[in-house]
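**Q** need coordinates for the following:
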Amino acid sequence: QVQLVESGGGLVQVGGSLRLSCAASEGTFKRYATAWFRQAPGKEREFVAGISWTGGLTYYADSVKGRFTISRDNAGRTVYLQMNSLKPEDTAVYYCAAGDLRGSTIPDLYDYWGQGTQVTVSS
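**A** As a prediction, the model looks like this:
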């Protein structure tokens with residue numbers, strides 16, 4: 001059982017940056033594809049960014065492409081989401097997810113989830 005813990009959320013002004021971290025409890029994490037999802041109040045959970053277990057493949061939602069970067073440090077069992085040029089519409093709870101799959105934008109295909117970290121972008 002892999003446990004995921006997100007951190008790094010907070011309040012930031014429009015145009016600012018934040019770096020989210022997702023720390024895993026077990027070494028098997030390094031073989032799992034990982035993704036970031038987000039959920040705003042009253043909206044469905046949506047895919048943000050994903051990365052293969054090797055880190056060689058990354059993919060993004062169109063809404064964040066060019067502004068967000070996902071990366072991973074398997075030795076440190078951590079996945080990161082660097083968020084730049086933040087907009088008010090980026091405000092949401094951000095979740096880290098991991099699973100034994102090649103990668104997907106579909107939340108239900110991921111086995112493990114963190115508790116989420118709040119990101120608020122003020123205008």
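
**Q** shouldn't residue 92 be in contact with residue 40?
**A** Yes: contact criterion CB atoms under 8 Å: residue 92 and residue 40 qualify, at 4.2 Å. In this view, the C-beta of every residue, glycine as well, is placed from N, C-alpha and C.

**Q** residue 95 bridge partners, please.
**A** Note on residue 95: beta-bridge partners residue 37, judged by DSSP bridges.

**Q** swap that for residue 13, please
**A** residue 122.

**Q** who's in contact with it?
**A** Contact partners of residue 13, counting by CB atoms under 8 Å, 6 or more residues apart in numbering, are 121-123.

**Q** ok, it to residue 7 distance?
**A** Distance, residue 13 to residue 7, by CB to CB, to the nearest Å: 20 Å.

**Q** which residues of the chain score low on pLDDT?
**A** Low-confidence segments of the chain, defined by pLDDT under 70, are absent.
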